[in-house]
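**Student:** Generate a structure from the sequence data that follows.
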Amino acid sequence: MKILLISASPRKEKSQTFLMAKEVARGCDDGKTAEIIHLCNLKIEFCRHCEFCHKKIPYCLIKDDVHKVLRMMLEADGIVLASPNYINHVTGSMKTLFDRSSHFIHCLRLMDKYTAGIVSSGSGHDKNVTDYLKYYSNTCGAQFAGSVSARAPVSQEKMDEAFALGKKLCAAIKTKKEFPAQLRIIEEHKKHFRMLMERRKNEWKEEYKYWEDKGWL
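**Tutor:** Numbers count the residues shown, from 1 in each chain. Next up, the predicted model:
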């Protein structure tokens, strides 16, 4: 089992968000299988909306570290998405990573994978952010095992919740747990992008072939 922890805090190991995220990883087999990425250590440029990643998948003309992160996401069984709350949203580095994963959304590349969300803030009012992490996950085809959010400084109770979330995430992966409400949302996304694939099959030839190979058309 491969667990990938993507931390979007500029404070890295000193971050309250990362402290909780590490507990999620520890809940997954004591964190032995977890790979950790600090986005602030990487070069991540903004999406230019050139659509090259739809025409020649899964490549991007921008030469930076996003390629490595996306590859690791594809190789993982479970992904922990950890971000501080910046004005009721994820940090810029995580949003930019998501923007650069447009092909994942078009082709539901995280299908059969599971995600979990970790958020911290000064207020503790983080529902908008955890909801967004769930939305992104479902749009890419992944099921969201749950989230923990906390007001900084993080209490031991929240650390315990994060550890329990790790257990839940790994149990979902091992048993291939289904979340019916989320699967319905994923199916609606698939219907929408099936229509787009048919409409733009002459432009997005490689994505269209991906859909054909999957038997989704």
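
**Student:** Contacts for stretch 126-138, please.
**Tutor:** Stretch 126-138 has contacts (C-beta atoms under 8 Å, 6 or more residues apart in numbering) with 81, 83, 85, 88-90, 98, 110, 115, 117, 119-121, 143-144, 147, 149-150, 182, 185-186, 189. (Each C-beta comes from the backbone N, C-alpha and C, glycine too.)

**Student:** Can you list the buried residues in it?
**Tutor:** Buried residues in stretch 126-138, counted by 16 or more other C-beta atoms under 10 Å: 126, 129-130, 132-134, 136-138.

**Student:** Looking at those residues, spot the one nearest P58.
**Tutor:** Y136 (16.9 Å; C-beta to C-beta).

**Student:** hang on, the earlier thing: give me the buried entries from the contacts of stretch 126-138.
**Tutor:** Here, 16+ other C-beta under 10 Å leaves 81, 83, 85, 90, 98, 110, 115, 117, 119-121, 143-144, 147, 149-150, 182, 185-186, 189 buried among those.

**Student:** Show me those residues that map onto helices.
**Tutor:** Secondary structure defined by DSSP state H assigns 98, 182, 185-186, 189 of the buried ones among the contacts of stretch 126-138 to helices.

**Student:** Looking at those residues, which two lie furthest apart in space?
**Tutor:** The widest separation within those (C-beta to C-beta) is 17.8 Å, between F98 and Q182.

**Student:** roughly how far is the least confident helix or strand in the chain by mean pLDDT from the heart of the chain?
**Tutor:** Every helix and strand in the chain was compared by mean pLDDT, DSSP states H and E; the lowest is helix 52-55, with a mean of 90. Centroid separation for helix 52-55 versus its chain: 20 Å, with C-alpha atoms, centre = their mean, to the nearest Å.

**Student:** other SSEs contacting it?
**Tutor:** helix 102-106, helix 205-214 (3 or more C-beta pairs under 8 Å, 6 or more residues apart in numbering; DSSP states H and E).

**Student:** So which of the ones in helices among the buried ones among the contacts of stretch 126-138 is the closest to E157?
**Tutor:** Q182 (26.6 Å).

**Student:** Could you check what's spatially nearest to that closest one, not counting adjacent residues?
**Tutor:** Excluding the flanking residues, the one nearest Q182 by C-beta to C-beta, 6 or more residues apart in numbering is Q143, at 5.1 Å.

**Student:** tell me the contacts of that neighbour?
**Tutor:** Contacts of Q143 (C-beta under 8 Å, 6+ apart): 113-115, 137, 172, 177-179, 182-183, 186.

**Student:** try 6 Å
**Tutor:** 114, 179, 182 (C-beta atoms under 6 Å, 6 or more residues apart in numbering).

**Student:** Can you give me the pLDDT of D30?
**Tutor:** Listed pLDDT for D30 reads 63.

**Student:** burial of K14, as a residue count?
**Tutor:** 9 (other C-beta atoms under 10 Å).

**Student:** I meant E198, not that one.
**Tutor:** The burial count for E198: 11, using other C-beta under 10 Å.
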